[in-house]
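Novice: based on what follows, work out the 3D shape:
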Amino acid sequence: MDLLILHFGRLEKNRLSIIHMPYKAILLCDFLAKNSIKASIFNAAAETANNKKFSLIGLIEKYDPEIIGLTLQWHSQMKGVFEASRRIKKKFPQKKIVVGGITASFFSRQILEKEKSIDYVIRGDAEIPALKLCRQIKSGKTDLKSIENISYRQAGRIYENPVKYKISRRIFNSLSYSSFSHILNIDSMLNVSNNFYVKVKNGVFYSPEPPKKRFFYIASRGCVFNCSYCSASAYHRLCGRTSPVYKSPETVCRDIKKLLSYGIENIYFPTFPDSFRENNFYTKLFKIFIRKNITFNCTIDCFHLPRPPFLEIFQRTFKNNLKDSHIVLSPDLLDEKKRKLNKGQLYSNRELFSFIYAAQKYGINVRLSLAAGLPFASRSDYSKTLLYAERLSSFSNLEITMNTIPIEPYSPLFLNPEKYKVKLKCKNFNDFLLKKPGELGYETDQLSERQIFQTISVFNRVMSRASEKFKKIDIKNIN
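Specialist: Have a look, this model is predicted:
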């Protein structure tokens, strides 16, 4: 094996989180395989939750890869990833270690300065840079100046080559998420795929949600929004993208048909940047599903309020699966002015409530995601949001949750705390590395971190009384 990509989560005292790997790793392996590089993925977080006897060293000894890749998508992975890289380098000093992902891209220089066990960082999209790097390492060549998007250490100095590669639609379309042959522990991965974390009690892992095979299908890369708390827009600027790139609907349809043949029960679409357009990507995709009679349990995360015709096409596509399908909306706050300040989105509460009402007429379930701790939001804003939420609880098709949003490196509020009137606790690489589970990393001029968590506790208590179907979520369920 040339390259083994490992994914590690975050192991805490009573839970293991970030068990979902970044699924673009499957596409990377597919691309490398098409170019004669033998690459595989092993989800170590999922394996830890399923197999008490899992041994990292034993795994590497078994497959003996020349290069080891580590996913570093989320900043809360850092501790686990760095601990793993040190263990690997100590036991196998000759093996080259490369990391990639959103957090790795933002902190590439700091990672190479601090973690001597890590040899390379790939910034942004990885397909072409990873291929060139693997070929150079396999050939024994040390000149890396021509490889775009990589940072590396050489002769005691750190070099960062320009980010020039971003995935094209042609390459995106040529790659398949359904290439499960690249995943060495696919059964363990799917066994916990319905959970964002697993709980630990007396050394035993167990899932809070019932077993269900779920797959997160990322049909696009890039985002048109610039939400105060999200680093996606900064990351895609780093990648060199000025607009989202989509796989073609026809390619996605073929890919999903194969995924369903593996027993996947729910397809979750977490990216929908053009949801506000009339003839958007998923409208085109769902029309193909109808034509080809493809249906499944579907969850779709809408970045913006979709146009009303989208409800009809969703109902027609998933009419036999509506009970277990959902449209997810994230207004974050039911104060229009503060929502606009944080998300830049212009839809009104009246439009939002009309959409929920129309969805109920179509028999479509809606999940409404709210957030505590947003910049500019006061206690009175959350009181107003709670009153709205109580009224909305009468809708039979609606689930409402409220959670915290931890600080993300290079999000607008991180880059410009004065503008957003927040006090940062995480100001640099070391702060993110040392941030404890459950900490937000900031507080606003209106609410302290403690008051933010109290806001959620009050919300959960009131909503539990207002609606029997209300499902309280773990307020520590944050990255």
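Novice: contact partners of the helix ranked longest in the chain?
Specialist: Longest helix of the chain, by residue count under DSSP state H: helix 449-466. Residues outside helix 449-466 that contact it (C-beta atoms under 8 Å, 6 or more residues apart in numbering) are 370, 372-373, 379, 382, 386, 389-390, 393, 400, 402-404, 425, 439-440, 442-444, 447, 470, 472-473, 475. (Each C-beta comes from the backbone N, C-alpha and C, glycine too.)
Novice: over it, what's the mean pLDDT, rounded is fine.
Specialist: Average pLDDT, helix 449-466: 90.
Novice: and what of stretch 339-355?
Specialist: Across stretch 339-355, pLDDT averages out at 89.
Novice: and the helix or strand encompassing R350, what's buried?
Specialist: Following DSSP states H and E, one finds R350 within helix 349-361. Going by neighbour count (16 or more other C-beta atoms under 10 Å), the buried part of helix 349-361 is 352, 355-356, 359-360.
Novice: can I see the domain layout of the chain?
Specialist: Per automatic domain parsing, the structural domains of the chain span 3-169, 213-466.
Novice: relative to S179, which of those is closest?
Specialist: domain 3-169 (4.4 Å; C-beta to C-beta).
Novice: any idea of the mean pLDDT for that closest one?
Specialist: pLDDT averaged over domain 3-169 gives 96.
Novice: from the chain's centre, how far out does that domain sit?
Specialist: 17 Å (C-alpha atoms, centre = their mean, to the nearest Å).
Novice: what about that domain, how long is it end to end?
Specialist: One end of domain 3-169 to the other measures 25 Å (C-alpha to C-alpha, to the nearest Å).
Novice: just to revisit the earlier point, export the domains of the chain to JSON lines and tack on distance to S179?
Specialist: Below are these laid out as JSON lines (distance: least, C-beta to C-beta, whole Å):
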{"stretch": "domain 3-169", "distance to S179": "4"}
{"stretch": "domain 213-466", "distance to S179": "9"}
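Novice: to N194, which of those lies closest?
Specialist: For the domains of the chain, the distance to N194 is smallest for domain 213-466, at 4.9 Å, taking C-beta to C-beta.
Novice: compute the first-to-last residue distance for the closest one.
Specialist: End-to-end span of domain 213-466 (C-alpha to C-alpha): 32 Å.
Novice: run the angle between the helix or strand containing L311 and helix 349-361 for me.
Specialist: Using DSSP H and E, L311 falls within helix 309-317. Orientation note: helix 309-317 sits at an angle of 20 degrees relative to helix 349-361 (axes from the mean of the first three to the mean of the last three C-alpha atoms, to 10 degrees).
Novice: got a list of contacts for helix 309-317?
Specialist: By C-beta under 8 Å, 6+ apart, helix 309-317 touches 275, 278, 280, 282-283, 286-287, 289-290, 295, 298, 300, 322, 325, 327, 355, 358-359, 362-364.
Novice: may I have that helix as PDB, with CA atoms only?
Specialist: Taking Å, rounded to 0.1, in the frame of the first residue of the first chain, the C-alpha atoms of helix 309-317 are listed here in PDB:
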ATOM      1  CA  PRO A 309     -42.000  25.000  -5.400                       C
ATOM      2  CA  PHE A 310     -39.100  23.000  -3.800                       C
ATOM      3  CA  LEU A 311     -41.600  21.500  -1.300                       C
ATOM      4  CA  GLU A 312     -43.600  20.000  -4.200                       C
ATOM      5  CA  ILE A 313     -40.600  18.400  -5.800                       C
ATOM      6  CA  PHE A 314     -39.400  17.100  -2.400                       C
ATOM      7  CA  GLN A 315     -42.800  15.500  -1.700                       C
ATOM      8  CA  ARG A 316     -43.000  13.900  -5.100                       C
ATOM      9  CA  THR A 317     -39.500  12.500  -4.900                       C
END
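Novice: and it, what's its mean pLDDT?
Specialist: The model assigns helix 309-317 a mean pLDDT of 95.
Novice: list the buried ones in it?
Specialist: For helix 309-317, burial by neighbour count (16+ other C-beta under 10 Å) applies to 310-311, 313-315, 317.
Novice: can I get the buried part of the contacts of helix 309-317 as one PyMOL selection?
Specialist: To isolate the buried ones among the contacts of helix 309-317 in PyMOL, judged by 16+ other C-beta under 10 Å, type:
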select buried, resi 275+280+282+283+286+289+295+298+300+322+325+327+355+359+364
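Novice: in helices, which of the contacts of helix 309-317 fall?
Specialist: Among the contacts of helix 309-317, the residues falling in helices (DSSP H) are 282-283, 286-287, 289-290, 355, 358-359.
Novice: turn the residues you listed into TSV, including distance to F92.
Specialist: Below are those laid out as TSV (distance: C-beta to C-beta, whole Å):
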residue	distance to F92
Y282	44
T283	50
F286	48
K287	51
F289	46
I290	51
F355	54
A358	58
A359	53
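Novice: tell me the one among these nearest to Y420.
Specialist: Minimum distance to Y420 across these is 28.0 Å, recorded for F355 (C-beta to C-beta).
Novice: would you agree V200 is in contact with K13?
Specialist: Yes: judged on C-beta atoms under 8 Å, V200 makes contact with K13 at a distance of 7.4 Å.
Novice: about what we covered before: okay if I get the buried residues of helix 349-361 as a markdown table plus distance to I147?
Specialist: Below are the buried residues of helix 349-361 laid out as a markdown table (distance: C-beta to C-beta, whole Å):
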| residue | distance to I147 |
| --- | --- |
| L352 | 47 |
| F355 | 47 |
| I356 | 50 |
| A359 | 48 |
| Q360 | 53 |
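Novice: quick revisit: which among the contacts of helix 449-466 count as buried?
Specialist: The buried subset of the contacts of helix 449-466 - by 16+ other C-beta under 10 Å - is 370, 372-373, 382, 386, 389, 393, 400, 402-404, 439-440, 442-444, 447, 470, 475.
Novice: could you pull out the strands in the stretch 101-250 of the chain for me?
Specialist: Using DSSP state E, counting those that start in this stretch, the strands of the stretch 101-250 of the chain run over residues 120-122, 150-154, 157-160, 197-201, 204-206, 214-216, 220-221, 245-246.
Novice: sheet-wise, list the partners of the fourth one with their directions.
Specialist: This means strand 197-201. Strand partners for strand 197-201, identified by DSSP bridges, are recorded as strand 15-17 (antiparallel), strand 204-206 (antiparallel).
Novice: over to the last one?
Specialist: Based on DSSP bridges, the pairing partners of strand 245-246 within the sheet are strand 220-221 (antiparallel).
Novice: and the contacts of the partner strand?
Specialist: By C-beta under 8 Å, 6+ apart, strand 220-221 touches 24, 125, 167, 172, 236, 239, 241, 244-247, 271, 273, 281.
Novice: go through those and flag which are in helices.
Specialist: 24, 172, 236, 239, 281.
Novice: and the pLDDT at the residue nearest to the second one when sequence neighbours are not counted?
Specialist: For F172, ignoring the flanking residues on the chain, the nearest one in space by C-beta to C-beta, 6 or more residues apart in numbering is K247 at 5.1 Å. With respect to pLDDT, K247 scores 96.
Novice: roughly how far does K247 sit from T71?
Specialist: Relative to T71, K247 is positioned 21 Å away (C-beta to C-beta, to the nearest Å).
Novice: of these two, which one has the most company?
Specialist: Neighbour totals were compared for K247 and T71, and T71 leads with 27 against 24 (other C-beta atoms under 10 Å).
Novice: tell me what that one is bridged to.
Specialist: Applying DSSP bridges to T71 yields these beta-bridge partners: G100.
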